[in-house]
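Asker: got a sequence here, can you model it:
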Amino acid sequence: VNVKETGQILLVNYEDVENLKVTQIGAARFLHDGGWDVTLRYFLTAANQSNKIAVIDSRDQKLTALIDVEKIPHPGRGANFTDPKYGPVW
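Answerer: Now for the predicted structure:
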């Protein structure tokens, strides 16, 4: 769950819906949208007014990277494809 203006990401483990476990991870302000990489381990989310992409490791439940990008990133899930030479591209 992106808590947009706060720059916080909440990982919610819903295996036991009666006892949800929530992990709060600081990222960058103005979180927008995102999605999973092809391994389904990493979640990438754009902080579009901060010009960053946050990468969350869902297994380790921590921020793996905060990538500086050019103006207003938008890593929409429709842009994913596999290049025959270089592999998965997001």
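
Asker: going by C-alpha atoms from here, please, whenever you check contacts or count neighbours.
Answerer: Noted.

Asker: which parts of this protein are strands?
Answerer: With DSSP state E applied, the chain shows strands at 2-3, 8-13, 21-26, 31-36, 42-47, 52-57, 62-68, 81-83, 87-89, listed in chain order.

Asker: could you check how far the residue nearest to residue 41 when sequence neighbours are not counted is from residue 49?
Answerer: Leaving aside its chain neighbours, residue 41 sits nearest to residue 58 (5.5 Å; criterion: CA to CA, 6 or more residues apart in numbering). Using CA to CA, to the nearest Å, residue 58 is found at 24 Å from residue 49.

Asker: with residue 18 instead?
Answerer: Distance from residue 18 to residue 49, by CA to CA: 36 Å.

Asker: quick one: which of those two has more around it?
Answerer: A direct count of neighbours by other CA atoms under 10 Å for residue 18 and residue 49 places residue 49 higher, at 15 against 7.

Asker: can you give me the offset of stretch 51-68 from its chain's centre?
Answerer: Here stretch 51-68 is found 6 Å from its chain centre; the criterion is CA atoms, centre = their mean, to the nearest Å.

Asker: buried stuff in it?
Answerer: 51, 52, 53, 54, 55, 56, 57, 62, 63, 64, 66 (16 or more other CA atoms under 10 Å).

Asker: quick check: residue 45 touching residue 33?
Answerer: Yes: between residue 45 and residue 33 there is a contact under CA atoms under 8 Å: 5.5 Å.

Asker: tell me which of these two has more neighbours.
Answerer: The residue with more neighbours, out of residue 45 and residue 33, is residue 45; 26 against 19, by other CA under 10 Å.

Asker: so what's that one closest to, chain neighbours aside?
Answerer: Using CA to CA, 6+ apart and skipping residues adjacent in sequence, the residue nearest residue 45 is residue 34, 3.9 Å away.

Asker: what about the one you found, neighbour count?
Answerer: So residue 34, with other CA under 10 Å, has 19 neighbours.

Asker: try residue 15
Answerer: Per other CA under 10 Å, the neighbour tally for residue 15 reads 9.
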